[in-house]
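1. Fold the following, please.
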Amino acid sequence: MTESPLDTSARVHQPGVIPGQQKIPAAADASVWDVDAALLLVEDDSGDALLVEEMLTDSELDAPLTWCKTLAEARRFLLGCRTPVCVLLDLHLPDVNGLDAVRQLVESAPDAAVIVLTGLAEAETGLSAVAQGAQDYLVKGRIDPEVLGRAVRYALQRKHTERSAAAMRTSRLIAQENARLERALLPIPLLLDDSFAVAARYEAGRAHGLLSGDFYDVVQTADGVVHAVIGDVSGHGAAEAALGVCLRVAWRTAVLTGVSQLEQIGLLEGILVAERSDPHVFATVTTLVFPPGRDKVLVARAGHPGLLLRRGTEVGWVEPDAGMALGLLPGAGRWTITELDLFPDSELVLFTDGLFEGRTGPASRLGEDGLLAMAGKHGGLGPRAFIDALVAEATESAAPYGGLADDVAVLHLGWKAGS
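-> Purely as a prediction, here's the structure:
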């Protein structure tokens, strides 16, 4: 029997065609039926392949057609394809048969639109193929150019719609998860009365756009003492955010159960070491205790940056004694408590290092000195306006060089005057 020219010549229209794979030229003239996709025919019968070629030409679909005789060849082609693809798939191939062909193709090329080609007696199989992930099916004996062209366009559109819907679902899930993490990382301060003022701000860095491992909390116990914490887990992503949540909840629990300030830090390190997925993950933390006498604050630092002390319109930088960050050398940390005197109008501002590590030049960063100078310009602002101004100016100064790369958490704390 004489072989069709389709079997004896490989007419290649682009480089990289795999052995045994045949390129069939598309219609010469563009039309309203143009599709921005490639067509892949997976069919071992040369006669059926020739009929499909002729119908595609008559349908005026202006898209390149590639013919593969086995599913293995088709999978290799799809692996290297960088454009949308519509696959015309016969269910009876030398290397796979029936619905298993659909399953394997969908698993290996989930972004491809699939139209199954069935025999006259296989309509039920076609419906089952759609249930397996194909976009449509066509009965070979009932195909004409118009039906084939329309099926290809519809299959590509359905696949695009499916992918868009999946992306939207994923985005919603991420947003919901991020909202849960946000509620856990950035809680409402637990204050028993209105004698203490808290203002807070969190800004996600450009590197990820979602919350990461920065956390803070404020709790007032029954004896009138106000406790505060701010921390920063190294790295970015959901794992770091979850670890930050774990540390914040553990800290609040420790405060409410009467654990001392230094014991809290040791407890947080133990939890960090137990819960981290990478032994290189560490965390910096500062905890503060404001006794009800209002004349002092007790500060314990574990590798965390210093803080700003506001008094009236003046702003100064304070560096209490600092011990090692949590998790760097578990069990070797030596943390101490520094007592700072407070005046009636004193307020403290804590922050994570993302606030001052943004680039302000090709080889320069804002730094602690730059942040202090910036804060001094806004010394006359109230708590909320003050921290908003710091974040806004730090963001603006880093904008020409990619923006703030790290998360920023800022916490403004102080007793209310006259309360």
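
2. What ranges does the stretch 201-350 of the chain have for its helices?
-> 238-256, 261-275 (DSSP state H, counting those that start in this stretch).

3. Okay, buried residues for the last one please.
-> By neighbour count on 16 or more other Cβ atoms under 10 Å, the buried set for helix 261-275 is Gln261, Leu262, Gln264, Ile265, Gly266, Leu267, Leu268, Glu269, Ile271, Leu272. Glycine gets a C-beta too; all of them are placed from N, C-alpha and C.

4. Now the two most distant members of these.
-> Greatest spatial distance in the buried residues of helix 261-275: Gln261 and Leu272, 17.2 Å, computed using Cβ to Cβ.

5. what would the helices of the stretch 201-350 of the chain look like in a markdown table with mean pLDDT and distance to Thr360?
-> Converted to a markdown table, those look like this (pLDDT from 0 to 100; distance: least, Cβ to Cβ, whole Å):
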| stretch | mean pLDDT | distance to Thr360 |
| --- | --- | --- |
| helix 238-256 | 92 | 26 |
| helix 261-275 | 96 | 32 |
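
6. Could I get the ones you listed in TSV, plus columns for distance to Val318?
-> Shown next, in TSV, are the helices of the stretch 201-350 of the chain (distance: least, Cβ to Cβ, whole Å):
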stretch	distance to Val318
helix 238-256	21
helix 261-275	17
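
7. and of the ones you listed, who's closest to Glu43?
-> Glu43 lies closest, by Cβ to Cβ, to one member of those: helix 238-256, at 44.8 Å.

8. list the helices and strands that closest one packs on?
-> The contact analysis (3 or more Cβ pairs under 8 Å, 6 or more residues apart in numbering; DSSP states H and E) places helix 238-256 against helix 145-185, strand 214-220, strand 226-233, helix 261-275, strand 283-290.

9. Just want the angle from the fourth one to helix 238-256.
-> Here helix 261-275 points in a direction 150 degrees away from that of helix 238-256 (axes from the mean of the first three to the mean of the last three Cα atoms, to 10 degrees).

10. and helix 261-275, C-alpha only, in CSV?
-> What follows is helix 261-275, C-alpha atoms only, in CSV (Å, rounded to 0.1, in the frame of the first residue of the first chain):
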residue,chain,number,x,y,z
GLN,A,261,10.9,39.1,81.3
LEU,A,262,14.2,37.2,80.9
GLU,A,263,12.5,33.8,81.1
GLN,A,264,10.2,34.9,78.3
ILE,A,265,13.2,35.3,76.0
GLY,A,266,14.6,31.9,76.8
LEU,A,267,11.2,30.4,76.3
LEU,A,268,10.9,32.0,72.9
GLU,A,269,14.3,30.7,71.8
GLY,A,270,13.3,27.2,72.8
ILE,A,271,10.1,27.4,70.7
LEU,A,272,12.0,28.9,67.8
VAL,A,273,14.5,26.1,67.8
ALA,A,274,11.8,23.5,68.1
GLU,A,275,9.5,24.9,65.4
